[in-house]
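> Build me a model:
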Amino acid sequence: MDFNQIFRDRTKNFSISIIKSLSILPYSDALSIIRKQIIRSATSVAANYRAVARARSEKERFAKICIVVEEIDETQLWLEIIDELGYLDQEKILHLRSECEELVKVMTTYKFKLSKNTTA
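Sure thing, here's the model as predicted:
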């Protein structure tokens, strides 16, 4: 399995974990807004990472990875808020935050690598 396939799967599985974890929580106005935002940002990570792998040029690939980095960073923010509000149990939130942190690091590194290739 290659790097792109590994991270296509990881970003998709991360999105699914977010959806499953938050879908079981009871309705409230505040949680509804947070749930919508984090599901949107997490699924955007997966969708845009797929687009990175299918980019037609290095500039397009770089533009897409920039979106991925923005969206995974936003997802990280929502996870911090969910954690601070105590919406999920500690084991679940720690797992999600850990995977999110790893994805932030990988995608940021990939963006940096691509930025060198597109400016060279």
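
> so where's this protein uncertain?
Within the chain, the ranges that satisfy pLDDT under 70 run 1, 119-120.

> in the longest helix seen in it, what's buried?
Longest helix in the chain by number of residues (criterion: DSSP state H): helix 90-119. Buried residues in helix 90-119, counting neighbours by 16 or more other Cβ atoms under 10 Å, are found at 92-93, 96-97, 99-100, 103-104, 106-107, 110-111, 114. The C-beta positions use only the backbone N, C-alpha and C, and glycine is treated the same way.

> Nearest residue to the middle of the chain?
I72 (3.5 Å; Cα atoms, centre = their mean).

> That residue is in what secondary structure piece?
helix 58-85 (DSSP states H and E).

> and that helix, what other elements does it pack with?
When contacts are defined as 3 or more Cβ pairs under 8 Å, 6 or more residues apart in numbering; DSSP states H and E, helix 58-85 sits against helix 3-23, helix 29-53, helix 90-119.

> Among those helices, which comes closest to C66?
Minimum separation from C66 across those (Cβ to Cβ) falls at helix 90-119, 6.3 Å.

> Does anything pack onto the closest one? Which helices or strands?
Right, helix 90-119 is packed against helix 3-23, helix 29-53, helix 58-85 by 3+ Cβ pairs under 8 Å, 6+ apart.

> on that earlier part again, make CSV from the helices and strands packed on helix 58-85 and add distance to E60 to it.
Putting the helices and strands packed on helix 58-85 into CSV (distance: least, Cβ to Cβ, whole Å) gives the following:
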stretch, distance to E60
helix 3-23, 15
helix 29-53, 8
helix 90-119, 10
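
> hang on, the earlier thing: distance to T118 for the helices and strands packed on helix 90-119 - can I get that in JSON lines?
Output for the helices and strands packed on helix 90-119, formatted as JSON lines (distance: least, Cβ to Cβ, whole Å):
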{"stretch": "helix 3-23", "distance to T118": "18"}
{"stretch": "helix 29-53", "distance to T118": "13"}
{"stretch": "helix 58-85", "distance to T118": "5"}
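
> circling back: can you give me the angle the helix holding I72 makes with helix 29-53?
In terms of direction (axes from the mean of the first three to the mean of the last three Cα atoms, to 10 degrees), helix 58-85 departs from helix 29-53 by 160 degrees.
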